[in-house]
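# generate a structure from the sequence data that follows.
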Amino acid sequence: MDSTILAVIKNITVTQEADGRVHWVSGAAVDADGSNGQNGNPFAYAENDQGLDFNANAGWPNGGWRNVLIDDGTGQPTGDGQGNWYSSTTYTWKGRPLATRYVDSTSVPYIVVNPIVRTKARGVVIGCKARATYEGQSVDAVVADVSGANDIGELSIAAAKALQFHNASPRDGGVSSGVLFEFWPDQAATVDGELYVLQPAGR
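Numbers count the residues shown, from 1 in each chain. Predicted structure coming up:
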């Protein structure tokens, strides 16, 4: 089987090779989702908009925020009682309490995959082994989140710091080009000694 073009997003071609590896080269935005105070680190979002990222990037208050923030059942984001809001990643740790249920952007290197790429790639994508490389630096990672349909090239705060981005802030950081993203569907990731479970779409 030859390589297959899975998608072209913002003129970035995403390819899957015969051996299963999916890859592309693009810029990289920094994603804060899943940062919920684990390990004593800050939250991604807060009621006063002083979290790691702008609340608007979670879709608050104009719409779409339930894809990122956790609805408390009254139409408001679920908070910790101290003004912080819980955010989710597509990867979910089953059976864990809300505070530790999602993948912490501040401590876990993860990459974000476009939903079209996730659907078209052969094999299970969420929870699989990944790697990002920039200017000679590489970091092993997990595919932990799904982006908007028109977005390509996003990674966690921990990944951005490991790649030595000049600015790893989700608010105004990232790089405009030159990041190699790779992931291996059906190969479960192990990051910092923790084994991830492959999570098929729709489950």
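# OK, contacts around residue 139?
109, 131-133, 159, 162-163 (CB atoms under 8 Å, 6 or more residues apart in numbering). Backbone N, C-alpha and C define where each C-beta goes, glycine included.
# which one of those residues is nearest residue 24?
Each of these was checked against residue 24 using CB to CB; the closest is residue 132, at 11.0 Å.
# could you say which helix or strand contains the closest one?
Using DSSP states H and E, residue 132 maps to strand 128-134.
# now the element after that strand, going C-ward?
Helices and strands here follow DSSP H and E; after strand 128-134, the next one along the chain is strand 137-146.
# that next one pairs with which strands, and in what direction?
Strand 137-146 has the following strand partners under DSSP bridges: strand 110-113 (parallel), strand 128-134 (antiparallel).
# what mean pLDDT does it have?
The average pLDDT for strand 137-146 rounds to 98.
# quick check: buried residues in the helix or strand following it?
Following strand 137-146 in sequence order, the next helix or strand is strand 154-156 (DSSP H and E). The neighbour-count check on strand 154-156 (16 or more other CB atoms under 10 Å) flags 154-156 as buried.
# let's have those in JSON lines, adding distance to residue 82.
Formatted as JSON lines, the buried residues of strand 154-156 follow (distance: CB to CB, whole Å):
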{"residue": "154", "distance to residue 82": "28"}
{"residue": "155", "distance to residue 82": "28"}
{"residue": "156", "distance to residue 82": "23"}
